[in-house]
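>>> give me the fold of what follows.
(one chain, ligands or ions: 2)
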Amino acid sequence: MNARKKSRYHDVYARAMSDPEGFWAEAATEIDWIKPADKVFDASQGVYGRWFAGAVVNTCYNALDRHVANGRADQVALIHDSPLTGSIAKFTYRQMLDEVKTLAAIMQEFGVTKGDRVIIYMPLVPEAVIGMLACARIGAVHSVVFGGFAAKELATRIDDAEPKLILSASCGIEPGRIVKYKPLLDEAIDLSKTKPSACIVLQRPQEICALTPGRDHDWAELRGKAVAAGKAADCVPVAATDPLYILYTSGTTGIPKGVVRDNGGHLVALKWSMFNLYGVKPGEVWWCGSDIGWVVGHSYIVYGPLIHGATSIMYEGKPVGTPDAGAYWRVIAQHGAVALFTAPTAFRAIKKEDPDGKLLAQYDLSKFRTLFLAGERADPPTVEWAEQQLKVPVIDHWWQTETGWCIAGNPVGLGQLPVKHGSPTVPMPGYQVDVVDEAARPVAANTMGSIVIKLPMPPACLPTLWNNDARFKDAYLTEFPGYYKTSDAGFKDEDGYVFVMGRTDDIINVAGHRLSTGGMEEVLASHPDVAECAVLGIKDELKGEVPCGFLVLKAGVTRSQGDIEREVVALVREKIGPVAAFKLAITVGRLPKTRSGKILRGTMKKIADGDSWSMPATIDDPAILDEIGGALKERGVG
Ligand code: COA
Ligand code: AMP
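Numbering: from 1, shown residues only. Ligands and ions are numbered 1, 2, ... in the order given. Okay, the predicted model is just below:
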């Protein structure tokens, strides 16, 4: 336990909890404010209080302008490494700033002003980052939609965010397939009630799409004209409490939740995390292997590293197959990354293809110091394998779209604490993490319960849901009064280490992607031959979990079960998107239920996962569980 003695964590955490305003005011000195806060935390504002009330700031200024002014103009800000297109592009801070100023000016000409929403539906290309920062520059609120979602999901987000403008691209690229974005964009706009006044479309050479006259504009053409005319937008001052972005995430229904991130708290917390948590210094190369469609990509491909003055790698590729399981080592070595942040699923994929780590020997990883994992539970065998191969600390950390940064982690910059496999370690400053029973009473160490965070949440955590304080309160703050409900279950051990074991709602985690089984059930139920259905997440060696759908067909349906199963699989892909990875639909005669009619999803999951299970006392007809077990066995599951 030597590491524990040397770590400053315990002192820093204690200070943050005993004097939160003093702690965060000090952290805020790392940010350039136009006007400092009147109150570091104003408990009277918002749903549970607001951080940095009265302050005026600009996030883009802090991510770009100040670094250009302070000696980092020629340092590389962003490296775009794309094995899928065979290209590597680098942008210095000065070049990034010039591009952002130009696009921001173009957006202003389309009438985008402070508070207007802009949807970004783009693949992992530098222009997507430029788009996000251009919004931040002019006070517009971006909402990035992941490229693996289908048109209907995009339409739902368009209707909720009501964007004035959409930034998009002709295509994304997946191994062996071009994902045409334009038909999805057109369909989404057709489906939505709100129509954006314009779309700016980046034509990628892999797919040139037709532009809709009067609505669509060619990105490069607009850029060329704006550069020739010397157009550039200045930073627009915004309140620290104004929204920077909305990011939609799966809720318990098919309607996603619009998580709001504000400007001030986000700047302060992300800047604090880059060194204190991740141990990265300004000027160093950092790689976050996620997608800008997810919160991890927002915080640690774009904002965190740039606010910090680091160099950020954006990787358009996969851990395996682009071209092989050595791809991650190649990127780390080629660009001199000091740390990588990715999801455990990526390492499971690499381990499967190259279990002995043979490809590792080809690369010089001498600069590489730490591997960070998050997005799903880091299973101990994968962590151990990564430790053995890389011979650097492998740090699991836990967070959610809602929090925007880590809730529990191992703060490398403050001094690493001992790693316990299966635990993301300890709460970060500002988070009082409790494990409670149904009556919101803290439970004893090593006892499972609901994991909750005492209000107020620290800076960067969501102040509310977009235009929906009521849903925010209802979904997060009502069940455990005085707390934010994480919807994760787990326990704390005698050393205060947090163990996150799984969700308490119907959210599943597929390859680090958060998905709602309730949303999938809505799609299955819409099939004309389906009377009833249930979707569960079942164990998967590679992706952690994958969805499995059970169908009960309407009486009198004579069509082949196989055809119907194939149709519902296609329907989920069409309505939610390929990212749902919904490939297994099984027809059964009936679903197991309690006497009050509740489907016994928990027991079905245990059967599918091959875990031990006991007959629920409230079951209506025990024979149905044998039928479910039999149906799963026929498909090779359980
Ligand atoms: N646009 C369009 N389609 C996409 C997409 C995108 N941006 N991203 C994924 N998809 C598609 C995939 O092509 C795949 O389609 P398929 O069913 O036709 O094969 C489907 O969505 C499922 O994708 P995914 O779950 O990513 O599976 P995969 O088999 O392509 O790859 C891994 C598996 C483990 C290699 C991959 O998930 C991975 O690289 N994970 C790394 C970590 C990560 O991204 N974490 C996210 C949060 S931190
Ligand atoms: P997302 O909002 O997409 O980032 O997903 C958040 C959810 O992913 C959390 O509520 C957890 O269920 C899960 N999760 C993320 N990181 C971890 C982790 N390190 N350990 C266990 N679960 C995690």
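>>> OK, now which residue of the stretch 451-600 of the chain is nearest to ligand 2?
Arg514 (3.3 Å; CB to the nearest ligand atom). For every residue, glycine as well, the C-beta is placed using N, CA and C.
>>> wait, a strand at that residue?
Yes. Assessed with DSSP: H, G, I helix; E, B strand; the rest coil, Arg514 lies in a strand.
>>> you'd agree it is up against Gly251?
No. Using CB atoms under 8 Å, Arg514 is not in contact with Gly251, being 10.0 Å away.
>>> look up phi and psi at the nearest residue to the residue of the stretch 451-600 of the chain closest to ligand 2 once chain neighbours are set aside.
The spatial neighbour of Arg514 that comes closest, neighbours along the chain excluded (CB to CB, 6 or more residues apart in numbering), is Ser250 at 5.1 Å. Note on Ser250: backbone dihedrals following degrees, to the nearest 10 are phi -70, psi 130.
>>> and Ser250, how far is that from Arg157?
Separation of Ser250 from Arg157 (CB to CB, to the nearest Å): 12 Å.
>>> kindly report the same for Thr345.
Thr345 sits 25 Å away from Arg157 when distances are taken as CB to CB.
>>> what helices or strands is the longest helix that the chain contains leaning on?
Across the chain, the helix with the greatest residue count (assigned by DSSP state H) is helix 93-109. Contact analysis of helix 93-109 by 3 or more CB pairs under 8 Å, 6 or more residues apart in numbering; DSSP states H and E lists strand 76-82, helix 126-138, helix 219-228 as its packing neighbours.
>>> and the strand or helix carrying Pro305, average pLDDT?
In the assignment (DSSP states H and E), Pro305 maps to helix 304-308. The predicted model assigns helix 304-308 a mean pLDDT of 99.
>>> follow-up on the earlier one: could you pull out the residues contacting both of Ser250 and Arg157?
When CB atoms under 8 Å, 6 or more residues apart in numbering defines a contact, the residues bordering Ser250 and Arg157 alike are Pro256.
>>> is the helix holding Pro305 in proximity to ligand 1?
No. Residues of helix 304-308 contacting ligand 1 under CB under 6 Å from any ligand atom: none, with a closest distance of 13.7 Å.
>>> now check the following helix or strand past that helix, is it near ligand 1?
Once the chain leaves helix 304-308, the next helix or strand it forms, by DSSP H and E, is strand 311-315. No. Contact between strand 311-315 and ligand 1, assessed by CB under 6 Å from any ligand atom, is absent, since the two come no nearer than 9.5 Å.
>>> please work out the angle formed by the directions of strand 311-315 and helix 126-138.
Strand 311-315 and helix 126-138 meet at an angle of 130 degrees, taking axes from the mean of the first three to the mean of the last three CA atoms, to 10 degrees as the criterion.
>>> parallel or antiparallel, list what pairs with strand 311-315.
Using DSSP bridges, the strands paired with strand 311-315 in its sheet are strand 76-82 (parallel), strand 285-288 (parallel).
>>> any residue of the longest one up close to ligand 1?
Yep, that's strand 76-82 we're talking about. No. Strand 76-82 is not in contact with ligand 1 by CB under 6 Å from any ligand atom; minimum separation 12.7 Å.
>>> pull the residues that contact that strand.
Counting by CB under 8 Å, 6+ apart, strand 76-82 makes contact with 64, 67, 87-93, 95-96, 124-126, 129, 173, 285, 306, 311-317, 331, 334-335, all of which sit outside it.
>>> out of those residues, which are buried?
Judged by neighbour count, with 16 or more other CB atoms under 10 Å as the criterion, the buried members of the contacts of strand 76-82 are 64, 67, 91-93, 95-96, 124-126, 129, 173, 285, 306, 311-317, 331, 335.
>>> what about the residue in the stretch 1-150 of the chain that ligand 2 sits nearest to, how many neighbours?
The stretch 1-150 of the chain approaches ligand 2 most closely through Phe146 (10.4 Å), counting by CB to the nearest ligand atom. Using other CB atoms under 10 Å as the criterion, Phe146 is surrounded by 21 other residues.
>>> show me the domain layout of this protein.
Per the record's domain assignment (automatic domain parsing), the chain is made up of the domains 2-317+397-491, 511-634.
>>> tell me the most buried of those domains?
Ranked by average neighbour count under the criterion mean count of other CB atoms under 10 Å, the domains of the chain are headed by domain 2-317+397-491 at a mean of 20.
>>> just how off-centre is it within its chain?
If you compare the mean C-alpha spot of domain 2-317+397-491 with that of the full chain, they lie 9 Å apart, counting by CA atoms, centre = their mean, to the nearest Å.
>>> and what of stretch 510-522?
When distances are taken as CA atoms, centre = their mean, stretch 510-522 is centred 14 Å away from the chain's centroid.
>>> how far does it stretch from start to finish?
Its first and final residues considered, stretch 510-522 spans 18 Å by CA to CA, to the nearest Å.
>>> what average pLDDT does that stretch get?
For stretch 510-522, the per-residue pLDDT values average out at 93.
>>> what's in contact with it?
For stretch 510-522, contacts defined as CB under 8 Å, 6+ apart pick out 148, 249-254, 256, 290, 294, 343-346, 375-376, 401, 506-509, 533-537, 540, 542-547, 549, 572, 576, 579-582.
>>> hmm, back to that, okay if I get the helices and strands packed on helix 93-109 as JSON lines plus mean pLDDT and distance to Cys60?
Below are those laid out as JSON lines (pLDDT from 0 to 100; distance: least, CB to CB, whole Å):
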{"stretch": "strand 76-82", "mean pLDDT": "99", "distance to Cys60": "12"}
{"stretch": "helix 126-138", "mean pLDDT": "99", "distance to Cys60": "4"}
{"stretch": "helix 219-228", "mean pLDDT": "98", "distance to Cys60": "17"}
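>>> save those as TSV, and put in distance to Ala37 too.
Supplementary listing: the helices and strands packed on helix 93-109 in TSV, determined by distance: least, CB to CB, whole Å:
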stretch	distance to Ala37
strand 76-82	28
helix 126-138	19
helix 219-228	35
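>>> wait, which of these is closest to Ser596?
When the helices and strands packed on helix 93-109 are compared by CB to CB, helix 126-138 sits nearest Ser596, at 47.4 Å.
>>> which SSE is immediately downstream of that closest one?
Where DSSP H and E defines the elements, the next helix or strand beyond helix 126-138 is strand 141-144.
>>> can you tell if that following strand touches ligand 2?
No. Contact of strand 141-144 with ligand 2 is not found when judged by CB under 6 Å from any ligand atom; the minimum separation is 13.3 Å.
>>> can you check stretch 484-497 too?
Yes. Using CB under 6 Å from any ligand atom as the criterion, contacts between stretch 484-497 and ligand 2 involve Thr486, Asp488.
>>> which parts of the stretch 201-350 of the chain are helices?
219-228, 264-276, 295-297, 304-308, 327-335, 344-353 (DSSP state H, counting those that start in this stretch).
>>> against which helices or strands is the longest one packed?
Okay, so that is helix 264-276. In terms of contacts (3+ CB pairs under 8 Å, 6+ apart), helix 264-276 is packed against helix 20-27, strand 50-53, helix 304-308.
>>> now do the first one
Packing contacts for helix 219-228, counted by 3+ CB pairs under 8 Å, 6+ apart, involve helix 93-109, strand 198-202.
>>> what's the average pLDDT for the last one?
In this model, strand 198-202 has an average pLDDT of 98.
>>> parallel or antiparallel, which strands does that strand pair with?
Assessed with DSSP bridges, strand 198-202 is paired to strand 165-169 (parallel), strand 216-218 (parallel).
>>> closest to Lys39 out of those?
Of all the strands paired with strand 198-202, it is strand 165-169 that lies closest to Lys39, at 34.1 Å by CB to CB.
>>> need the contact partners of the closest one.
Applying CB under 8 Å, 6+ apart, the contact partners of strand 165-169 are 107, 110, 112, 116, 118-123, 125, 127-128, 131, 158, 181-182, 185, 189, 196-204, 219.
>>> can you show me the strands along the stretch 401-550 of the chain?
Defined through DSSP state E, counting those that start in this stretch, the strands belonging to the stretch 401-550 of the chain, from first to last, are 408-409, 426-427, 433-436, 449-454, 483-492, 498-503, 507-510, 513-516, 530-540, 544-553.
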